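*Asks:* what follows is a protein structure lacking sequence information:
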């Protein structure tokens, strides 16, 4: 398994577009502004064994961008600070927001069962929209289910030689859901919490059923175009990467030999709307700030989004509806919201204060280091987050 990938409206469209014209005002970073504490924090990820990292921070001092490591193995150029990258599970926050906009429109209720909208899958009639977004549906995770005893019930191949051989294979969203529902549910709907990519593939199909439009088109119509996120896309089965970008690599074992290949180009349809999106640190900053400051959802649904499940604690805090809430403790900026992500060769960071005024967005790419960066990741991440949101 690739180690980086484990690091894991009722208002109309016209009114929404008008509201988005008023953003959160922050100072403009002065030319040549130096933030040595941020430079050091970024370098620590590279020192831990990652190939490269780009970081964007917006706070009371303005906006700062920087990068460390290399854009491509064998070269010396740093990753571009306007580079595109695969955001992995950060995609879930976009998907959740899109579903909640349909709830705000009255198309469906947050606690409405979804089986009647998607009868072809035979879903448990107790599974609601909320359960999908909160990961409490009990649906088997089509990318593999970690069992209570630590064993894993495999799903589709997404790691190792098997994934390398199939990295340009196209999966249909319906295929992924059928694979999951063919397995026994891991618990009764609503009984507990378990992270499942399948929940967000079902959410994708629900969006398409409710709107009559492809998911990517509805995402573009409701979120990307109003926010002018020109560098963000849901690629479906497209394996390309818009320029500029830093290359990402995958290190795997084949017949006892370790190999490293460039996997910048790969077909992400195996993860679908649970993790297939491409973006930039600037677009993620614009999006997450707009969401948290109330530009995309009414206050009542923002409150629902931030209600966390007590059994969902992780490195990133507690899970609500498509995002985590993390309390950094005394002396910091209060609770912060985030949804980070990882995909083979890539990791993405996306953080904001509740008012959207202070943000941290980043991309991390894997290289070919024999040094395992995973053990150092939590400490490096904690230092970076506290540097930005605690001033330490």
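*Replies:* Now that the structure is in, tell me what you want to look at. What you see is a predicted model; the values in this text were computed from it and never measured. Numbering: from 1, shown residues only.
*Asks:* ok, which stretches of the stretch 101-250 of the chain are strands?
*Replies:* According to DSSP state E, counting those that start in this stretch, the stretch 101-250 of the chain carries its strands in the segments 145-146, 152-153, 249-254.
*Asks:* can you list those in JSON lines and add mean pLDDT?
*Replies:* Shown next, in JSON lines, are the strands of the stretch 101-250 of the chain (pLDDT from 0 to 100):
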{"stretch": "strand 145-146", "mean pLDDT": "90"}
{"stretch": "strand 152-153", "mean pLDDT": "92"}
{"stretch": "strand 249-254", "mean pLDDT": "93"}
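*Asks:* in TSV: those, plus distance to residue 231 and mean neighbour count.
*Replies:* Where C-beta positions appear, they are placed from N, C-alpha and C, glycine not excepted. Converted to TSV, the strands of the stretch 101-250 of the chain look like this (distance: least, C-beta to C-beta, whole Å; neighbours: other C-beta atoms under 10 Å):
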stretch	distance to residue 231	mean neighbour count
strand 145-146	34	17
strand 152-153	35	12
strand 249-254	22	18
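*Asks:* for residue 328, which of those is the nearest?
*Replies:* strand 145-146 (27.3 Å; C-beta to C-beta).
*Asks:* quick one: contacts of that closest one?
*Replies:* 152-153, 155, 183, 186, 196 (C-beta atoms under 8 Å, 6 or more residues apart in numbering).
*Asks:* those residues: which two are farthest apart?
*Replies:* 152 and 196 (13.4 Å).
*Asks:* returning to that earlier point: show me which of the contacts of strand 145-146 is closest to residue 59.
*Replies:* Within the contacts of strand 145-146, proximity to residue 59 (C-beta to C-beta) peaks at residue 196, which comes in at 34.4 Å.
*Asks:* check contacts around the closest one.
*Replies:* Contacts of residue 196 by C-beta under 8 Å, 6+ apart are 135, 137, 139-142, 145, 180, 186.
*Asks:* picking that back up, would you turn the strands of the stretch 101-250 of the chain into CSV with distance to residue 119?
*Replies:* Formatted as CSV, these follow (distance: least, C-beta to C-beta, whole Å):
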stretch, distance to residue 119
strand 145-146, 24
strand 152-153, 26
strand 249-254, 39
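*Asks:* closest one to residue 164 among these?
*Replies:* Across these, closest to residue 164 is strand 249-254 (C-beta to C-beta), at 6.2 Å.
*Asks:* what is the closest one packed up against?
*Replies:* helix 160-165, strand 257-262 (3 or more C-beta pairs under 8 Å, 6 or more residues apart in numbering; DSSP states H and E).
*Asks:* and that strand, how far out from the chain middle?
*Replies:* Put simply, strand 249-254 sits 23 Å off its chain's centre (C-alpha atoms, centre = their mean, to the nearest Å).
*Asks:* in its sheet, what does it sit against?
*Replies:* Neighbouring strands of strand 249-254 in its sheet, by DSSP bridges, are strand 257-262 (antiparallel).
*Asks:* could you point out which element follows the partner strand?
*Replies:* Note on strand 257-262: by DSSP states H and E, the next helix or strand toward the C-terminus is strand 278-279.
*Asks:* what's in contact with that next one?
*Replies:* Here strand 278-279 has contacts from 84-87, 90, 229, 231-233, 235, 241-242, 287, 348, using C-beta under 8 Å, 6+ apart.
*Asks:* pLDDT of it, averaged?
*Replies:* Per-residue pLDDT over strand 278-279 has a mean of 98.
*Asks:* how about the strands of the stretch 101-250 of the chain, which one is nearest residue 296?
*Replies:* strand 145-146 (31.8 Å).
*Asks:* show me where the stretch 51-200 of the chain has its helices.
*Replies:* Applying DSSP state H, counting those that start in this stretch to the stretch 51-200 of the chain gives helices spanning 91-104, 129-134, 160-165, 173-181, 197-211.
*Asks:* any idea which of these gets closest to residue 269?
*Replies:* helix 173-181 (8.0 Å).
*Asks:* tilt between the closest one and helix 197-211?
*Replies:* Relative orientation of helix 173-181 versus helix 197-211 (axes from the mean of the first three to the mean of the last three C-alpha atoms, to 10 degrees): 130 degrees.
*Asks:* can you give me how far helix 173-181 is from the chain middle?
*Replies:* 21 Å.
*Asks:* what packs against that helix?
*Replies:* Under the contact criterion of 3+ C-beta pairs under 8 Å, 6+ apart, helix 173-181 touches helix 197-211.
*Asks:* pLDDT on the helix it packs on, on average?
*Replies:* 98.
*Asks:* got the angle between it and helix 91-104?
*Replies:* Using the same axes, to 10 degrees: helix 197-211 against helix 91-104 is 40 degrees.
*Asks:* in stretch 268-283, what's buried?
*Replies:* For stretch 268-283, the neighbour count (16 or more other C-beta atoms under 10 Å) marks 268-283 as buried.
*Asks:* for residue 243, give me its contacts.
*Replies:* Contacts of residue 243 by C-beta under 8 Å, 6+ apart are residue 84.
*Asks:* ok, back up a step: ok, which of the helices of the stretch 51-200 of the chain comes nearest residue 356?
*Replies:* helix 91-104 (13.3 Å).
*Asks:* which other helices and strands contact the closest one?
*Replies:* By 3+ C-beta pairs under 8 Å, 6+ apart, helix 91-104 packs against helix 129-134, helix 197-211, helix 215-219, helix 281-292, helix 299-305.
*Asks:* which ones are touching residue 370?
*Replies:* residue 258.
*Asks:* distance of it from residue 200?
*Replies:* 34 Å (C-beta to C-beta, to the nearest Å).
*Asks:* coming back round to it: quick one, which of the helices and strands packed on strand 249-254 is packed in tightest?
*Replies:* helix 160-165 (a mean of 15; mean count of other C-beta atoms under 10 Å).
*Asks:* lowest-confidence helix or strand of this structure?
*Replies:* helix 13-19 (a mean of 27; mean pLDDT, DSSP states H and E).
*Asks:* surely residue 176 and residue 140 touch.
*Replies:* No - if you go by C-beta atoms under 8 Å, residue 176 and residue 140 don't touch, sitting 10.7 Å apart.
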